[in-house]
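Engineer: What follows is a predicted structure for the sequence shown.
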Amino acid sequence: MRIENIAKTLLLPVVLLPLQVKGNSEGDSNKTPSIISSSNLKEPQKPTNINSVALARIIKSTNVNYSITEVITDPEKIDRDKYDAYYKVDTKNKGNFYIVQSSEGRTSALFYCAYKEEEKKDGLVFPEPEDSNTPVAVVSAKASGLDGVFEIYDKNGAYKVKYKFSPILYTPDHSQVNSKYLFNMEKILRSFPERLVAEFNSRGIRVLIAKDVQDSYYAYYPSWKFHDDTHPPDPNLPILEKTENGWKDNRRYANIGGLYIDNTAIMPQQWIKYGTSDEIIDRSDKFVATKGTVFHELGHALDYINSSPFSDTESYKTAYSKDVKNIAEDKQEAVAYFLMARREAFAELSAALMGGLSKNRAALMLSTFPQAAENIRKRVLPKFGVEISIDDIRKDIYPDYLSGKAKTASLEETRELFGMFTHNESFEDLGEVILLKNKSFVRQDTDKQKTPANKI
């Protein structure tokens, strides 16, 4: 969703810090933990010999020439409190080499190397490189659950392993996430249209993941913490409340699962369940809902990829208005948050068309806003090489698209999908979906218009 005017909505002073998000780069390597050395690893056991740090960056890989022969997760052999797995690599030279996956980390520090020093010196691990910038081994990461490759480098006598995460995925230095969430985010972004990812990357658009609300929202926008501290949760209020002036969102920032602001989709691993002060929701095991949130937030990024939002074009506004007029009064409550702002509908429809939503969630949107969906399908997505036919949608996303058989989801179906009017955490998994005010969001300390924030 977009937070269009926080100051007017929350009625409190807002001091916003610039969101400085650095992409994966060569310079990031200087900020990774220093090399840890200890005794040699003889067999898979409690990790004792971690000789190098993993660096995530964009690098051109050579052909894969090594493979993982064993995945070790047995807690009798490795410390599962610190490490999720050891991946044994066939060195082809009778040397022992393991890629170690930490249980928590960042895009720039999740994988390490473990090996015997004497075997490296004896040339039993990998052959000497032509230069330090050439990998001594390229290992398929398939056995780890990732689609890319691990590149092993010989740096100053020690091995370092690098994995190339999505170029727009970023974890700040002050935070870590668990490896399962990081893997899920990598898989989700790899399923996003490649051309759009490249466009986002060239424009500095990032997906920032952090451990929790404290490390994400509050770290970059302290005024949001002030707001939450001065607005205690009321478990008696519904998440979305209908008032005389329209719909009111009763959620605090701590209850938001994702938002888009300052060219950044912020996605904390954990946030606070609505109506409570400390009950944590963790999205590590919620792949489908997380994918929907990511695609929605990047739908906002698509909307604002140019200087003028696509949702402000006359063609889109006309299509959206026609759809709204066709929604029966008894169905409006089911999609109320998308009626509050056409930008929210744009983001959700984009996510649906690109295959990022669950079947039911996509059906709800495509059956309710078919003309707006067609506007995006024909006029927006093709600009970035995303060609989707009606047949494609009917085959893979929603079989009744534009068939005349479509029906808007019932209120009960929508409650089940989103938990909108209850305290069901299924809605909270999707993050914030309500546009607070449909106005420009302007910095307090500058005359320059700020990129509006979007919470899903």
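Structural biologist: It's in. Residues are numbered from 1 along each chain as shown.

Engineer: so residue 248 makes contact with residue 240?
Structural biologist: Yes: with contact defined as Cβ atoms under 8 Å, residue 248 reaches residue 240; the gap is 7.4 Å. The way it works is simple: take the backbone N, C-alpha and C, and place the C-beta from them, glycine included.

Engineer: More neighbours: which of those two?
Structural biologist: Set residue 248 next to residue 240 and count neighbours by other Cβ atoms under 10 Å: residue 240 wins out with 20 against 16.

Engineer: Bridged to the more buried one, which residues?
Structural biologist: With DSSP bridges as the criterion, residue 240 is bridged to residue 249.

Engineer: Check the contact between it and residue 249; I expect there is one.
Structural biologist: Yes: using Cβ under 8 Å, residue 240 makes contact with residue 249 at a distance of 6.2 Å.

Engineer: Next one: the residue in the chain sticking out farthest from the centre, what pLDDT does it get?
Structural biologist: Taking Cα atoms, centre = their mean, the residue of the chain most remote from its mean C-alpha position is residue 122, at 43.5 Å. You'll see residue 122 listed with a pLDDT of 89.

Engineer: Then the one 3 residues further on?
Structural biologist: Looking at residue 125, its pLDDT stands at 93.

Engineer: which stretches of the chain have low pLDDT?
Structural biologist: 1-64, 405-456 (pLDDT under 70).

Engineer: so where's the longest strand in the chain?
Structural biologist: strand 97-106 (DSSP state E).

Engineer: Could you tell me which residues within it count as buried?
Structural biologist: 97, 98, 99, 100, 101, 102, 103, 104, 105, 106 (16 or more other Cβ atoms under 10 Å).

Engineer: Distance check, the fourth one against residue 72.
Structural biologist: It refers to residue 100. Separation of residue 100 from residue 72 (Cβ to Cβ, to the nearest Å): 10 Å.

Engineer: Residue 318 should be in a helix, yeah?
Structural biologist: Yes: under DSSP: H, G, I helix; E, B strand; the rest coil, residue 318 sits within a helix.

Engineer: okay, now the closest residue to residue 133 other than its chain neighbours: neighbour count?
Structural biologist: Leaving out its chain neighbours, the residue that sits closest to residue 133 by Cβ to Cβ, 6 or more residues apart in numbering is residue 153, at 7.7 Å. By the criterion of other Cβ under 10 Å, residue 153 has 21 neighbours.

Engineer: is it fair to say residue 153 lies in a strand?
Structural biologist: Yes: judged by three-state DSSP, residue 153 forms part of a strand.

Engineer: returning to what we had before: adding distance to residue 79 as columns, could you present the buried residues of strand 97-106 in a markdown table?
Structural biologist: Shown next, in a markdown table, are those (distance: Cβ to Cβ, whole Å):
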| residue | distance to residue 79 |
| --- | --- |
| 97 | 19 |
| 98 | 13 |
| 99 | 16 |
| 100 | 10 |
| 101 | 12 |
| 102 | 11 |
| 103 | 9 |
| 104 | 13 |
| 105 | 15 |
| 106 | 20 |
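
Engineer: which one of the residues you listed sits closest to residue 314?
Structural biologist: Residue 314 has its nearest neighbour among these in residue 106, at 43.5 Å by Cβ to Cβ.

Engineer: Tell me the bridge partners for that closest one.
Structural biologist: residue 109.

Engineer: Quick check: the gap between it and residue 171.
Structural biologist: Where residue 171 is concerned, residue 106 sits at a distance of 4 Å (Cβ to Cβ).

Engineer: Identify the contacts common to those two.
Structural biologist: Residues touching both residue 106 and residue 171 by Cβ atoms under 8 Å, 6 or more residues apart in numbering: 177, 182.

Engineer: picking that back up, quick one: contacts for the nearest residue to the residue farthest from the centre of the chain once chain neighbours are set aside?
Structural biologist: Closest residue in space to residue 122, ignoring its immediate chain neighbours: residue 95 at 7.8 Å, by Cβ to Cβ, 6+ apart. For residue 95, the contacting residues are 115, 116, 119, 120, 122, 124, 125, 126, by Cβ under 8 Å, 6+ apart.

Engineer: what helices or strands is the host helix or strand of residue 138 leaning on?
Structural biologist: Here residue 138, judged by DSSP states H and E, is contained in strand 137-140. Packing partners of strand 137-140 (3 or more Cβ pairs under 8 Å, 6 or more residues apart in numbering; DSSP states H and E): strand 83-89, strand 149-155.

Engineer: How about the secondary structure of the nearest residue to residue 186 once chain neighbours are set aside?
Structural biologist: Among residues not flanking residue 186 along the chain, residue 165 sits closest, at 5.5 Å (Cβ to Cβ, 6+ apart). Of the three states, residue 165 takes coil under three-state DSSP.

Engineer: how much space between residue 165 and residue 375?
Structural biologist: Shown here: residue 165 relative to residue 375, a distance of 33 Å by Cβ to Cβ.

Engineer: Then residue 216?
Structural biologist: Separation of residue 216 from residue 375 (Cβ to Cβ): 33 Å.

Engineer: Then residue 264?
Structural biologist: Distance of residue 264 to residue 375, given as Cβ to Cβ: 26 Å.

Engineer: circling back to that earlier point, adding secondary structure, write the contacts of residue 95 out as CSV.
Structural biologist: Output for the contacts of residue 95, formatted as CSV (three-state DSSP):
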residue, secondary structure
115, strand
116, coil
119, helix
120, helix
122, coil
124, coil
125, coil
126, coil
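
Engineer: Please pick the buried ones from these.
Structural biologist: 115, 116, 119, 120, 124, 125, 126.

Engineer: Now distance to residue 383 too, for those, in CSV please.
Structural biologist: Converted to CSV, the buried ones among the contacts of residue 95 look like this (distance: Cβ to Cβ, whole Å):
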residue, distance to residue 383
115, 49
116, 54
119, 54
120, 51
124, 54
125, 49
126, 45
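
Engineer: Taking those together, which two end up most distant?
Structural biologist: The distance between the two most remote of the buried ones among the contacts of residue 95 (Cβ to Cβ) is 12.5 Å, for 116 and 126.

Engineer: isn't the residue nearest to residue 186 right up against residue 187?
Structural biologist: No: using Cβ under 8 Å, residue 165 makes no contact with residue 187, being 10.7 Å away.

Engineer: who's more crowded, these two?
Structural biologist: Comparing residue 165 with residue 187 by neighbour count (other Cβ under 10 Å), the higher total belongs to residue 165, at 25 against 16.

Engineer: And the more buried one, how far from residue 121?
Structural biologist: Distance from residue 165 to residue 121, by Cβ to Cβ: 32 Å.

Engineer: now do residue 206
Structural biologist: In terms of Cβ to Cβ, residue 206 sits 41 Å off from residue 121.

Engineer: who does the residue nearest to residue 72 when sequence neighbours are not counted bridge with?
Structural biologist: Distance criterion Cβ to Cβ, 6+ apart; nearest residue to residue 72, sequence neighbours excluded, is residue 86 at 4.1 Å. Counting by DSSP bridges, residue 86 is bridged to residue 72, residue 100.

Engineer: so what's residue 86 up against?
Structural biologist: 44, 47, 71, 72, 73, 77, 78, 98, 99, 100, 101, 114.
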